[in-house]
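In: Test case, fold it:
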Amino acid sequence: MNKKYWMTGLLALLLAFSAGCGQKPAAAPADTSPESSSGQAQTPQEDPDHAATGDLNEAAQTVNASEGTTNPPQNTAGEGTGTPADTKDVNATETQAKKANIKLYYTDPEIIDLKEASKEITYSNEEDKYTKAFEGLQKSSDAELNPLWSEQITLNSLKFDKGALTLDITKPAEANLGAGGEMFALDALRKTFFQFDEVKSLELLVDGNQTESLMGHVELEHPMTRN
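Out: Predicted coordinates for the structure are as follows:
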């Protein structure tokens, strides 16, 4: 009898167990894991402050990269308000140019006396000043002042060194004067160049050579010096 009850109880347990296994499982709660039901990873939400900082850093990197490739500024020297190179050259030339009033010596139409006159010259250096002075002796705009040094006379070279001034000329026969004219011509040359304090001696060469006389009448000193 007891055996019968035991068997009946065991059977009931088996039936209850079978009924429990056959029931449908309850719905699982919403999946909050990083992975979705499809097995793919979900992108986590970024912190707003962190995202803003990242954007700023990225923008700064972009600006820095852009600055690294920026072309260097073009050289604008001589443009805009600067002084053009040509203007500078002109200004330098004007600065170097000097003016001076010098004395020049001529004779009267009858070649009786030596006459003094003044003239303003423009020059760039000492040798240019002496060249302009010699050229002044060859020209006159006054009919009463006759040049003793003809324009037919060519100044081949002029050199100034430590107070010594050397002129080398070529003189054609047509430029010769008489004894009085030759004496005046040499006096005019001396007075013209010895007005410059720095000139201590004057050497006159004809075609590169020393000659006894310039025009055949008056002895020529080598060199001429201040009296």
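In: can you pull the buried residues of stretch 96-115?
Out: For stretch 96-115, the neighbour count (16 or more other C-beta atoms under 10 Å) marks 102, 104-107, 111, 114-115 as buried. Heads up, the C-betas are built off the backbone N, CA and C, glycines and all.
In: Can you give me the first-to-last residue distance of it?
Out: Length of stretch 96-115, first residue to last, C-alpha to C-alpha, to the nearest Å: 32 Å.
In: circling back to that earlier point, which two in the buried residues of stretch 96-115 are spaced the farthest apart?
Out: Using C-beta to C-beta, the buried residues of stretch 96-115 reach their maximum pairwise distance at Ile102 and Ile111, which is 22.8 Å.
In: about what we covered before: now, among the buried residues of stretch 96-115, which is nearest to Glu182?
Out: Minimum distance to Glu182 across the buried residues of stretch 96-115 is 10.3 Å, recorded for Ile111 (C-beta to C-beta).
In: Tell me where this protein has strands.
Out: Per DSSP state E, the chain carries strands over the ranges 98-107, 114-123, 154-161, 164-170, 201-206, 224-225.
In: Rounded mean pLDDT for stretch 156-172, please.
Out: Stretch 156-172 carries an average pLDDT of 97.
In: oh sorry, the question was meant for stretch 115-131
Out: Averaging pLDDT along stretch 115-131 gives 96.
In: which outside residues touch it?
Out: For stretch 115-131, the external contacting residues (C-beta atoms under 8 Å, 6 or more residues apart in numbering) are 96-108, 132-133, 136, 140, 142, 144-145, 155, 158-160, 165, 191, 193, 196, 198-199.
In: what about 6 Å?
Out: With C-beta atoms under 6 Å, 6 or more residues apart in numbering as the test, stretch 115-131 has contacts from 96-106, 132, 136, 145, 158, 160.
In: From the opening residue of it to its closing one, how far?
Out: So stretch 115-131: terminal residues 21 Å apart, C-alpha to C-alpha.
In: got it, and stretch 213-227?
Out: For stretch 213-227, the separation between the terminal residues is 19 Å (C-alpha to C-alpha).
In: And stretch 104-115, by the same measure?
Out: End-to-end distance (C-alpha to C-alpha), stretch 104-115: 8 Å.
In: what about Gly178, how many residues close to it?
Out: A total of 12 residues lie near Gly178 under the criterion other C-beta atoms under 10 Å.
In: Kindly report the same for Ala185.
Out: 26.
In: Would you confirm that it contacts Asn146?
Out: No. With contact defined as C-beta atoms under 6 Å, Ala185 does not reach Asn146; the gap is 11.0 Å.
In: didn't Ser213 look like it was pressed against Glu221?
Out: No. Using C-beta under 6 Å as the test, Ser213 is too far from Glu221 to be in contact (10.7 Å).
In: hey, what's the closest residue to Met224 other than its chain neighbours bridged with?
Out: Once flanking residues are discounted, Met224 sits nearest to Leu202: 4.5 Å by C-beta to C-beta, 6 or more residues apart in numbering. Assessed by DSSP bridges, Leu202 has beta-bridge partners Leu165, Met224.
In: For Leu202, give its distance to Thr192.
Out: 10 Å (C-beta to C-beta, to the nearest Å).
In: what's the answer for Gln138, then?
Out: Applying C-beta to C-beta to Gln138 and Thr192 gives a distance of 11 Å.
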